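**Q** fold the stuff below for me.
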Amino acid sequence: MRPAPSRSSAAGDEARQAFHRAGRLVVKVGSALLVDPSGAVRREWLATLVADLAALVARGCRPVVVSSGAIALGARRLGLKAGGRASLEDAQAAAAVGQIRLAGLWAELLADRGLEAAQILVTLGDFEDRRHWLNASATLDRLLQLGVVPILNENDSVATEEIRFGDNDRLAARVAQAARADAVVLLSDVDGLYTADPAGDPTARLIAVVDDPAAVAGLAGAGSGSGLGSGGMAAKIEAARIAAVSGIPLAIASGRPAHPLARFLDGGPATLFTAPQAAPARKAWLLGRMRVAGRLHVDAGAHAALRAGRSLLAAGIVACEGEFRRGDAVDVVGDDGAAVARGLVAYDRAEVERIRGLRTEAQAAVLGYAPRSAVIHRDQMVLL
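**A** Here you go, the predicted structure:
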């Protein structure tokens, strides 16, 4: 299904103003932009992007960079096949070699512009664990206050399949939340999101403005067109959803030409995802999570209560999935099988199994202690 026609160019110009006004801007750079197909760095191009970042700093903006490229750089250095992605072990080894070169490159080019660089390597767990999240947020905040340009990448040398983002698009959105950024720009090897694959459909047109990422999710392919990276349009649309829950607009723009950021800000082709309303910070963190420890299935009455803004009580739970512990994030599933909420559970799985379906006054006899006010309190829950 194709979306309704994109909004007018005037609406696109209005949406783009959010990026001009941004005091903190996250810029994601994909592998296919930073590294050519042979694995060599596109150094001259990167120097133009650094010039764009320096121009942002000169006008008072504080940029944060999420940079891919470590695996591609390391694979070339080590002579690994498939761009270093033939196996997890190859990717980890390539990342270890490539990351030091990538960080050095950014530090050198930023220093040429009088800017200090900082390297931060993260895994999915750093953003899923609340304490790690707060630590990362504090570090980013202090670096930006000091005028440093943070360069972030996934820590592919230690991340396994279970604790990986898998792409830097969604990582950029989570970084934007942690850094309290005002906007995100995903520099890609395409101009933005099209109504169809422009390579195979001459009628395909660029979608200028999107207000609801879910409405265009069906247009996305999952793979990386270049073969160098791990993302794709599906990951970019999911990144837009994650950013939107924090009220952060996101743009997909071509990074191929020189000075790609300046080109975008000057009105170059792009798809802009608006973000009209932000959720409270803790609930935005919950909505942005990419992993949950389990699922609680509830009956129609509990479903209706959640929609009315109430907490989840044990009486409405009909089944459990997963091995979760108190404080873990779980999804709440309605009687139609769809996830309706996400929250931090107040009991371990074994305890929930014992009290599910029971009214509050009957739970003490089963648990051996006074029950908590809810299985998931409404203050620890967000509707999906």
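**Q** from here on, just use CA atoms for contacts and neighbour counts.
**A** Noted.
**Q** what residues are up against residue 274?
**A** Counting by CA atoms under 8 Å, 6 or more residues apart in numbering, residue 274 makes contact with 15, 209-212, 244, 248-250.
**Q** what does residue 65 give?
**A** 26-29, 149-152.
**Q** ok, so of the contacts of residue 274, who is nearest residue 363?
**A** Nearest to residue 363 among the contacts of residue 274: residue 244, at 39.3 Å, using CA to CA.
**Q** the closest residue to that closest one other than its chain neighbours: neighbour count?
**A** Residue nearest to residue 244 in three dimensions, not counting chain neighbours: residue 275, with 4.7 Å by CA to CA, 6 or more residues apart in numbering. When neighbours are counted by other CA atoms under 10 Å, residue 275 registers 23.
**Q** I'd like to know which helix or strand in the chain has the lowest mean pLDDT.
**A** In the chain, no helix or strand scores lower on mean pLDDT, DSSP states H and E than helix 281-288, which sits at a mean of 71.
**Q** next SSE downstream of it?
**A** strand 294-298 (DSSP states H and E).
**Q** so the helix or strand just after that next one versus strand 294-298, what angle?
**A** Remark: after strand 294-298, the chain's next helix or strand is helix 300-307, criterion DSSP H and E. Counting by axes from the mean of the first three to the mean of the last three CA atoms, to 10 degrees, helix 300-307 lies at 110 degrees to strand 294-298.
**Q** can you tell me what sits against helix 300-307?
**A** 311-313, 316-317, 334-335, 340-341, 383.
**Q** output the contacting helices and strands for the helix or strand following it.
**A** The first helix or strand that comes after helix 300-307 along the chain, using DSSP H and E, is strand 317-322. Under the contact criterion of 3 or more CA pairs under 8 Å, 6 or more residues apart in numbering; DSSP states H and E, strand 317-322 touches strand 294-298, helix 349-355.
**Q** any buried residues in strand 317-322, and which?
**A** Of the residues in strand 317-322, 317, 320 count as buried by neighbour count, 16 or more other CA atoms under 10 Å.
**Q** please renumber the chain so that the first residue is 48 from this point on.
**A** Noted, 48 is the first residue going forward, which turns the last one into strand 364-369.
**Q** list the pairing partners of that strand within its sheet, with orientation.
**A** Strands that pair with strand 364-369, judged by DSSP bridges, come out as strand 341-345 (antiparallel).
**Q** how far out from the middle of the chain is the strand it pairs with?
**A** Centre-to-centre, strand 341-345 and its host chain are 24 Å apart (CA atoms, centre = their mean, to the nearest Å).
**Q** buried ones in that strand, by neighbour count?
**A** By neighbour count on 16+ other CA under 10 Å, the buried set for strand 341-345 is 341-345.
**Q** list of residues touching that strand?
**A** For strand 341-345, the surrounding residues in contact (CA under 8 Å, 6+ apart) are 363-371, 376-382.
**Q** low-confidence regions, the stretch 148-297 of the chain specifically.
**A** Applying pLDDT under 70 to the stretch 148-297 of the chain flags residues 206-213, 268-278.
**Q** what do you get if the cut-off is 90, keeping everything else the same?
**A** Low-confidence segments of the stretch 148-297 of the chain, defined by pLDDT under 90, are located at 170-184, 201-215, 236-237, 243-249, 259, 261-262, 264-279, 288-289, 291-294.
**Q** show me the helices in it, by range?
**A** Along the stretch 148-297 of the chain, counting by DSSP state H, counting those that start in this stretch, helices occupy 171-175, 177-192, 215-225, 280-291.
**Q** walk me through the domains of the protein.
**A** 56-332, 339-430 (automatic domain parsing).
**Q** in CSV, list the helices of the stretch 148-297 of the chain along with distance to residue 422 and mean neighbour count.
**A** Below are those laid out as CSV (distance: least, CA to CA, whole Å; neighbours: other CA atoms under 10 Å):
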stretch, distance to residue 422, mean neighbour count
helix 171-175, 20, 20
helix 177-192, 19, 16
helix 215-225, 27, 27
helix 280-291, 26, 25
